[in-house]
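> The following block contains a protein sequence and its predicted model.
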Amino acid sequence: MRLNGEISYVRDEEENENDSVALISLPPPPLQKLVVGYALTSKKVNSFLQPKLEGLAKKKGIVFVAIDLSQPLVDQGPFDIVLHKLTGKEWQQILQDYWEKHPEVTVLDPPAAIQHLYNRQSMLQDVANLNLSDCYGKVGTPRQLVITKDPSSIPDAVSKAGLTLPLVAKPLVVDGSAKSHELSLAYDEFSLSKLDPPLVLQEFVNHGGVLFKVYIVGEAIKVVRRFSLPDVSKRELLNNTGVFRFPRVSCAAASADDAELDPSIAELPPRPLLEKLARELRLRLGLRLFNIDIIREHGTRDRFYVIDINYFPGKWSLLFIQYSHPFKLMKCSLYLLSHSFLSIMCQFISSF
Ligand SMILES: Nc1ncnc2c1ncn2[C@@H]1O[C@H](COP(=O)(O)OP(=O)(O)OP(=O)(O)O)[C@@H](O)[C@H]1O
Ligand SMILES: O=P(O)(O)O[C@H]1[C@H](O)[C@@H](O)[C@H](OP(=O)(O)O)[C@@H](OP(=O)(O)O)[C@H]1O
Ligand SMILES: [Mg+2]
Ligand SMILES: [Mg+2]
């Protein structure tokens, strides 16, 4: 079975361009320029600032200008928007000072709000506090325990907390480094003392090996499917011991949008549920650019868990890669997906 791999809840502006016919031909009003100053790592510049985005943005009067980190921010600009994804206290302070002097500038997003996602404990707190049970499904977070020191105390702490094995061990701090994405799966309690705190130990939830990435850009939502860790059976749990490091299983290259999947596993979470979740988290987190990783407990229709939230994610450029796939249609759908995504980004920026 082939499922529609992606949903968009915002009409693509490009689609609408030919909808209306001008009755009187007046010259178009001059486009008011919107200047977006950006402070991004070179990795992010490569993945985000694709010529395609810059081209589309230019047509809509949006220009991207690199912020020079060696110069005072206050001496640069003027900017309408500052778009950033850099970690570190120093940058936070620079932005804060800038914002105090220029409250008219939109900072995407406020550094203090982003900071909330840089810790895997605070990251999921708002989801845990939500009550969406009447909204087409239940959304929660896996039970988890924070360990800050003394690895030898972990087996005892896990048993006291009553966590069920296997457990996913995740570095507590998420700072964009490769190390902060080094995760392990622990099958038995005693091997847990080999781990290296500070970390979060999270119950592993069987979910049929498919994860949903929900991208939030302002009020727009996009969902894609990615491959994920396979289920762990009771037998595997009994026969395995130890702690196993695993690579970045659900990276952008692990798209499951065009895979043949069991429909009960592949079915996207209900749209009203995602809309409510996105709206609530946007408000509670105070963020406009983020993504939620969500899984459906295997064997259930409506039990969902948020396992990760990332600030301003997305290797959108990957969607442009011309896959040497035998079906031309697939190339086309990938192109359309990325195109509408870029359009959404431009629409969002234009809204300020
Ligand atoms: N509680 C869980 N139950 C089942 N699988 C999980 C759980 N937590 C994580 N995983 C698996 O591990 C992968 C990585 O976990 P997570 O998303 O928390 O890490 P990350 O390094 O922050 O990822 P990202 O690259 O999205 O930032 C997930 O995509 C999923 O496949
Ligand atoms: O393309 P997707 O699957 O959305 O992956 C993102 C991850 O989920 C994020 O965690 C990455 O951000 P950090 O590397 O800053 O944590 C993020 O890195 P980026 O800042 O280079 O976009 C992406 O790798
Ligand atoms: Mg993730
Ligand atoms: Mg993450």
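That came through, no problem. Numbering: from 1, shown residues only. Ligands and ions are numbered 1, 2, ... in the order given.
> Any idea how many residues pack against whatever residue of the stretch 51-200 of the chain ends up closest to ligand 1?
Across the stretch 51-200 of the chain, the shortest distance to ligand 1 (Cβ to the nearest ligand atom) belongs to H181, at 3.6 Å. (C-beta placed from N, C-alpha, C; glycine too.) The tally of other residues near H181 (other Cβ atoms under 10 Å) stands at 13.
> wait, doesn't it sit right on F246?
No. Using Cβ atoms under 8 Å as the test, H181 is too far from F246 to be in contact (10.4 Å).
> Any figure for the gap between N206 and ligand 3?
17 Å (Cβ to the ion, to the nearest Å).
> same question, L73
31 Å.
> What helix or strand is the closest residue in space to that residue that isn't next to it in sequence located in?
Excluding its sequence neighbours, the residue lying closest to L73 (Cβ to Cβ, 6 or more residues apart in numbering) is Y98, at 4.6 Å. Per DSSP states H and E: Y98 is located in helix 89-101.
> Pull the number of nearby residues for the spatially closest residue to the residue of the stretch 51-200 of the chain closest to ligand 1 that is not a sequence neighbour.
Distance criterion Cβ to Cβ, 6+ apart; nearest residue to H181, sequence neighbours excluded, is R248 at 5.7 Å. The local packing of R248 (other Cβ under 10 Å) involves 12 other residues.
> swap in P197?
P197: 17 neighbours (other Cβ under 10 Å).
> which residue sits closest to it, ignoring its sequence neighbours?
I147 (4.5 Å).
> can you check F312 too?
In space, F312 is closest to L289, 4.4 Å off (Cβ to Cβ, 6+ apart).
> which parts of stretch 236-256 are buried?
Across stretch 236-256, burial judged by 16 or more other Cβ atoms under 10 Å covers 240, 243, 250, 252, 255-256.
> Run through the bridge partners of whatever residue of the stretch 151-300 of the chain ends up closest to ligand 3.
At 4.0 Å from ligand 3, D293 is the closest residue in the stretch 151-300 of the chain, using Cβ to the ion. D293 has these beta-bridge partners by DSSP bridges: K213, D308.
> In contact with it, which residues?
By Cβ atoms under 8 Å, 6 or more residues apart in numbering, D293 lies in contact with 211-214, 250, 306-310.
> May I see those residues organised as TSV, with pLDDT and distance to ligand 4 added?
Below are the contacts of D293 laid out as TSV (pLDDT from 0 to 100; distance: Cβ to the ion, whole Å):
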residue	pLDDT	distance to ligand 4
L211	98	11
F212	97	14
K213	95	10
V214	93	13
S250	91	9
V306	98	11
I307	98	9
D308	98	4
I309	98	7
N310	96	4
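> Assumed A39 was part of a helix.
No. A39 is assigned strand when assessed by DSSP: H, G, I helix; E, B strand; the rest coil, not a helix.
> Model confidence score at Q32, please.
As predicted, Q32 sits at a pLDDT of 71.
> from the stretch 101-250 of the chain, which residue is nearest to ligand 2?
G176 (3.4 Å).
> Just give the closest residue to that residue, not the sequence neighbours.
T87 (5.4 Å).
> Give me the secondary structure label for the one you found.
T87 ends up coil, using three-state DSSP.
> Ramachandran angles for it?
Dihedral pair for T87: phi -100, psi 170, per degrees, to the nearest 10.
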